[in-house]
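> Turn this into a structure:
(4 chains)
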Number of protein chains: 2
Amino acid sequence: MNSAANALLTTDEPAETGAQQIRDAIRDAIVERRLSPGTKLSESDVGNLFNVSRTLARAALQALSYEGLVSVEKNRGAFVAYPSPDEAKQIFAARRLIEPGILREAAARITTSEIQHLRQLLLEESRLISERGQTARRAEIKASGDFHLTLAAISGNAIMQRFMEELVARSSLVIALYGQSTISSCGHNEHGDIVSAIEAKDLDHACHLMLHHIAHIEADLDLRERKGQGLKEAFDL
Amino acid sequence: MNSAANALLTTDEPAETGAQQIRDAIRDAIVERRLSPGTKLSESDVGNLFNVSRTLARAALQALSYEGLVSVEKNRGAFVAYPSPDEAKQIFAARRLIEPGILREAAARITTSEIQHLRQLLLEESRLISERGQTARRAEIKASGDFHLTLAAISGNAIMQRFMEELVARSSLVIALYGQSTISSCGHNEHGDIVSAIEAKDLDHACHLMLHHIAHIEADLDLRERKGQGLKEAFDL
DNA sequence: GCGCAAGTAATCGTATACAATTTGACCGCC
DNA sequence: GGCGGTCAAATTGTATACGATTACTTGCGC
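Just a heads-up that it's a prediction; the model follows:
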């Protein structure tokens, strides 16, 4: 749940308009890899699944297409996005470009209670890593992303926060497609090191660690054209 | 027209699906300040205006709300976004954070023909500045933004390009609301200086100029709560 | 005259219905 | 047997219709 992260400073409007709930549900499913890239998301099917009309299903899918999580092809349907290696590179290039800036901004505004909150997240994350089971894996994936999102939230810039939400979500897709090792966050807890550097007010070091962290994630990818880059829909299930 | 900018490397799908055409039309109107912040955009009115059903009008407005150009209020309607001073600060903070990175990326990949293209844009821009008339003013606003967008396009990162499109569009709204001097781009052609710095391969200087350029735009704003921040809809036309 | 309340008009939220396009299959023809 | 065309099924694109919520107005009571 990123509700923990959002609880910090997002202005939540409890009355969500149906379509948004569906959008969030599908997004969670994609980010947690319950939906594989390339999966067809028919408007009718989505509507039936959530017991709403095609109108709402369509709206939700359109919304997800704006975030780059699903690609809608004219008169053909919506599919869970299947990022190309080039797109993957762009996603991580964008993160390398953005995250140091967010980190600096966040470090300048961070309070002791927020640091505690971050440490809490890290604890939860490491607990999930040690745990077994698919649900734990999914929770871990989400927790790993929540660290970066929380940092963005602390930075106080809602726009950058939204950009990061998109980038983190799409990163999850890329890792699902091209990741090699079982899990994204490698052995050492690089997140913890970053927090420590922030706490020590060593921003340059923190940024350095962040860049390395992103590089490590990217290094775990095998970014080669999958067999059937163009005919990916062949087995879209 | 940013078609000139897009012509560089965006993959355009000529068959746009109705709603997108409307979205683009409204976005252009907002960016060119033919629509004032706070203006009500009723779904029915938009639909009638473009001779389409409310369905498409609604889709277009939803899309624009994702870009932050219109704000839809539940059961009340859609309005041209009325960015608060705080939002305005966040928009420019985001630009300061992002644009240097884009600049570096673009400078690393730029070709001589692209430099020529940029110079062409600058020429067109300065021509518009010297010209009189409202249409020239609107074209100038667009041209000023197109410089930044073209730079993003040259960077080769479609994601960052999209982020910049949103930021530039929203900047236009902010300037419309809080701008003091007649036009955003101040006296000296800072854009030209940036291109020169790029051409000279002096990236640090180019970034420096870019940051100053953004600062200059921001310095021209009077970011104080407008009278009636809350009752802005009182005279929404 | 002012404040409050109920009714009414307008607008959005959602569902359903119809039209257009694509896909896959079947059948005849070469 | 392979190839091309035509037809049917499925899916999306768009429009219309109905229900719900909000804002406005009108009228009554004070």
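
> Which residues of chain A lie near DNA strand C?
Contact residues (CB under 7 Å from any atom of the strand) of chain A with DNA strand C: A:17, A:18, A:19, A:52, A:53, A:54, A:55, A:56, A:75, A:76. To be clear about C-beta, it is placed using only N, CA and C from the backbone, and glycine gets the same treatment.

> Number of residues surrounding the residue in chain A that DNA strand C sits nearest to?
Of all residues in chain A, the one sitting closest to DNA strand C is residue A:18 (2.8 Å; CB to the nearest atom of the strand). Residue A:18 has 14 neighbouring residues, counting by other CB atoms under 10 Å in any protein chain shown.

> in chain A, which spans are strands?
A:40-41, A:70-73, A:77-80 (DSSP state E).

> So for the shortest one, mean pLDDT?
pLDDT averaged over strand A:40-41 equals 96, rounded to a whole number.

> which other helices and strands contact that strand?
strand A:77-80 (3 or more CB pairs under 8 Å, 6 or more residues apart in numbering or on different chains; DSSP states H and E).

> is the strand it packs on anywhere near DNA strand D?
Yes. Using CB under 7 Å from any atom of the strand, strand A:77-80 reaches DNA strand D at A:77, A:78.

> So for that strand, mean pLDDT?
The average pLDDT within strand A:77-80 is 95.

> For residue A:61, which non-adjacent residue is spatially closest?
residue A:78 (4.4 Å; CB to CB, 6 or more residues apart in numbering or on different chains).

> List the residues that contact that neighbour.
A:40, A:41, A:42, A:43, A:61, A:64, A:65, A:70, A:71, A:72 (CB atoms under 8 Å, 6 or more residues apart in numbering or on different chains).

> Give me the buried entries from those.
A:41, A:43, A:61, A:64, A:65, A:70, A:71, A:72 (16 or more other CB atoms under 10 Å in any protein chain shown).

> got a markdown table for those residues, with distance to residue A:87 too?
Shown next, in a markdown table, are the buried ones among the contacts of residue A:78 (distance: CB to CB, whole Å):
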| residue | distance to residue A:87 |
| --- | --- |
| A:41 | 19 |
| A:43 | 24 |
| A:61 | 19 |
| A:64 | 16 |
| A:65 | 14 |
| A:70 | 14 |
| A:71 | 10 |
| A:72 | 16 |
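
> Please name the bridge partners of whichever residue of chain A sits closest to DNA strand D.
Going by CB to the nearest atom of the strand, DNA strand D is nearest to residue A:77 of chain A, at 3.3 Å. Per DSSP bridges, the residues bridged to residue A:77 are residue A:73.

> Pretty sure it sits against residue A:45.
No. Counting by CB atoms under 8 Å, residue A:77 does not reach residue A:45; the two are 9.7 Å apart.

> Break chain A down into its structural domains.
A:15-82, A:85-219 (automatic domain parsing).

> Turn these into TSV, columns for distance to residue B:29.
Shown next, in TSV, are these (distance: least, CB to CB, whole Å):
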stretch	distance to residue B:29
domain A:15-82	20
domain A:85-219	22
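
> Go through the buried ones among the contacts of residue A:78 and name the one nearest residue A:201.
Closest approach between those and residue A:201, by CB to CB: residue A:64, at 39.3 Å.

> ok, now how distant is the residue lying closest to residue A:34 once chain neighbours are set aside from residue B:63?
Using CB to CB, 6+ apart and skipping the chain neighbours, the partner closest in space to residue A:34 is residue A:138 (7.2 Å). As for residue A:138, its distance to residue B:63 is 30 Å (criterion: CB to CB, to the nearest Å).

> residue boundaries of the helices in chain A?
Under the criterion DSSP state H, helices of chain A are mapped to A:3-6, A:19-31, A:43-50, A:54-66, A:85-109, A:112-130, A:134-155, A:158-178, A:190-199, A:203-219.

> which regions of chain A sit below the pLDDT cut-off?
For chain A, the stretches with pLDDT under 70 are A:1-16, A:182-187, A:226-237.

> Up against chain B, what does it have?
A:13, A:15, A:17, A:55, A:59, A:62-63, A:66, A:68, A:74, A:87, A:90-91, A:93-94, A:97-98, A:101-102, A:105, A:156-160, A:163, A:167 (CB under 8 Å from any CB of the partner chain).

> Wait, residue A:163 touches residue A:98, no?
Yes. Contact criterion CB under 8 Å: residue A:163 and residue A:98 qualify, at 6.5 Å.

> between residue A:138 and residue B:63, who's got more neighbours?
Taking neighbours as other CB under 10 Å, residue A:138 and residue B:63 compare with residue B:63 leading, 22 against 17.

> wait, doesn't the more buried one sit right on residue B:19?
Yes. Applying CB under 8 Å, one finds residue B:63 in contact with residue B:19, separated by 7.0 Å.

> what about residue A:190, how many neighbours?
Residues near residue A:190, counting by other CB under 10 Å, number 18.

> residues contacting residue A:79?
Listed by CB under 8 Å, 6+ apart, the contact set of residue A:79 reads A:38, A:39, A:40, A:41, A:70, A:71, A:72, A:73, A:233, A:236.

> can you redo those as a markdown table with distance to residue B:145?
Output for the contacts of residue A:79, formatted as a markdown table (distance: CB to CB, whole Å):
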| residue | distance to residue B:145 |
| --- | --- |
| A:38 | 36 |
| A:39 | 37 |
| A:40 | 38 |
| A:41 | 34 |
| A:70 | 29 |
| A:71 | 27 |
| A:72 | 27 |
| A:73 | 30 |
| A:233 | 37 |
| A:236 | 38 |
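
> just those residues that are near DNA strand D?
Subset of the contacts of residue A:79 in contact with DNA strand D: A:41, A:72, counting by CB under 7 Å from any atom of the strand.

> Just give me the closest of the contacts of residue A:79 to residue A:133.
residue A:39 (22.8 Å).

> Tell me, how many residues neighbour the spatially closest residue to that closest one that is not a sequence neighbour?
In space, and not counting its chain neighbours, residue A:39 is closest to residue A:80: 4.5 Å by CB to CB, 6+ apart. By other CB under 10 Å, 22 other residues sit near residue A:80.

> doesn't residue A:42 make contact with residue A:80?
No. Here residue A:80 lies out of contact with residue A:42, judged by CB under 8 Å, at a distance of 12.0 Å.

> what sits against the closest residue to residue A:195 other than its chain neighbours?
Excluding the flanking residues, the one nearest residue A:195 by CB to CB, 6+ apart is residue A:118, at 5.2 Å. Going by CB under 8 Å, 6+ apart, residue A:118 touches A:147, A:150, A:151, A:154, A:195.

> ok, of those residues, which one's closest to residue A:210?
Nearest to residue A:210, judged by CB to CB, of the contacts of residue A:118 is residue A:151 at 8.8 Å.

> Check the burial of the closest residue to that closest one other than its chain neighbours by counting its neighbours.
Sequence neighbours aside, residue A:106 is the residue nearest to residue A:151 in space, at 5.0 Å (criterion: CB to CB, 6+ apart). Using other CB under 10 Å, residue A:106 is surrounded by 23 other residues.
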